[in-house]
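Colleague: model this:
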Amino acid sequence: MRIGLLAPPWIPIPPPAYGGIERIVALQAAGLTAAGHDVTLVAAPGSAIPGVRVVSPLECLPAQIGMATDEWRHVLGGLDALCDVDAVLDHSGPLGALLSAQGIVPALHVVHGSLETELLDLYNGLVARAPQLRLAAISRSQRQAAPHLPFAGVCHNAIDVEAVPFRASSEGYLAFLGRMAPEKGAAEAIALARDAGLPLLIAAKCREPAEQAYFEHAVAPHLGPDVVFLGELGREATYDFLSRAAAMLFPISWREPFGMVLVEAMACGTPVLATNRGAVSEIVRDGLTGFVRDTTAELASVIGRIGEIDRAACRRHVAENFSSAALVRSYAPLLASMHDSRMPTLAAPLVFSAPAPSTRPLLAQHALPRTQPAFAAAR
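Modeller: Below is the predicted model of the structure:
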């Protein structure tokens, strides 16, 4: 098949650092190409995937994520470039969903956000204005949050397992990886680690004002020799950090639509201790690759059982269910149903209400408070 991938315009593919959606699109583009498909990728300037034709409608990267003019130019130009493909997989966001659903090329829009927020109202409006819209969920939990939306199927995200280092033993500390936000549970992770008497290393994005405020209020006062903040790590450093941990703590309090850090930790061989919210139970096998409990208090009772988890089993679980091959396999039936379904249609009137301001970070990097990591000093 001739398959078009429509990515967001803000970050090159593959991403140099931050960019969860972009990493998924990079993996999907390479996987579909390896499977024999003819892939065209519409992405931000600077993008390059071996064997994949790349189109960048913008001349340079937008100065700031969320600029409406840049987004419209990218999506409109990208859909023009994909007018001759057999199917479009759209990862670009609600604007791409609205426009791609009204074209003559069959399109499937991948929903990457939580449908417990104002994003649900936005998709309700899109479906009303573009009845042809078809969606792919990244977890069963995400789909169940809005069963009335036109989901064609569930396709879990994936990682490049071969690029993730596996470590059969740990250095004894607990890890926290995520954003500095109350719903992500950094404060709860500190309490869990202290109660267990184990050191905790925290690697977290802390760029936005709200993230910095949460850090100052709920995390900074509790730092010390046994709780160390590393800041935001690059990809290789993140994998090194995860692979050396005895377990990763994931005490979230929101409906996580997927949770890439869960997969990354397990690929390193690191068990996960997580609260049962959102897609957690779809990703972590309780008792096999970690422990899933309803409350943080219940998680405290199983920290002492980390040694029961086989780190090699964590790695195998990811290789079998969240690899590039698994990603291509999950989309195969959806692509097959789209094949040969191209037909002329009358475009619905374009009605678009601007979404809430993006919560994704600015491209500019900001200084992060950092503490020398304990494990680095010991090497």
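
Colleague: can you give me the buried ones in stretch 75-88?
Modeller: 75, 77, 78, 79, 81, 82, 85, 86, 87, 88 (16 or more other CB atoms under 10 Å). Every C-beta, even on glycine, is put in place using the N, C-alpha and C of the backbone.

Colleague: torsion angles phi and psi at the first one?
Modeller: The phi/psi pair for residue 75 (degrees, to the nearest 10) reads phi -70, psi -50.

Colleague: please name the nearest non-neighbouring residue to it.
Modeller: Once flanking residues are discounted, residue 75 sits nearest to residue 96: 5.0 Å by CB to CB, 6 or more residues apart in numbering.

Colleague: surely that neighbour and residue 7 touch.
Modeller: No - if you go by CB atoms under 8 Å, residue 96 and residue 7 don't touch, sitting 9.1 Å apart.

Colleague: name the residue in the two with the higher neighbour count.
Modeller: Shown here are residue 96 and residue 7; by other CB atoms under 10 Å, residue 7 has more neighbours (31 against 26).

Colleague: got a list of what the spatially closest residue to that one that is not a sequence neighbour touches?
Modeller: Closest residue to residue 7 apart from its sequence neighbours, by CB to CB, 6+ apart: residue 43 at 4.2 Å. The neighbours of residue 43, taking CB atoms under 8 Å, 6 or more residues apart in numbering as the test, are 5, 7, 9, 12, 13, 22, 25, 54, 55, 56.

Colleague: tabulate these (a markdown table), appending secondary structure.
Modeller: Supplementary listing: these in a markdown table, determined by DSSP: H, G, I helix; E, B strand; the rest coil:
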| residue | secondary structure |
| --- | --- |
| 5 | strand |
| 7 | coil |
| 9 | coil |
| 12 | coil |
| 13 | coil |
| 22 | helix |
| 25 | helix |
| 54 | strand |
| 55 | strand |
| 56 | coil |
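
Colleague: and the residues you listed, which two are the farthest apart?
Modeller: Largest separation among the contacts of residue 43 by CB to CB: 22 and 55, giving 15.5 Å.

Colleague: comparing the two, which residue is more hemmed in?
Modeller: residue 22 (22 against 16).

Colleague: state the helix or strand in which residue 248 lies.
Modeller: Assessed by DSSP states H and E, residue 248 sits inside strand 247-250.

Colleague: partner strands of that strand and their direction?
Modeller: If you go by DSSP bridges, strand 247-250 pairs up with strand 174-179 (parallel), strand 272-275 (parallel).

Colleague: residue 266: which of these is closest?
Modeller: Nearest to residue 266, of the strands paired with strand 247-250 and by CB to CB, is strand 272-275 at 6.3 Å.
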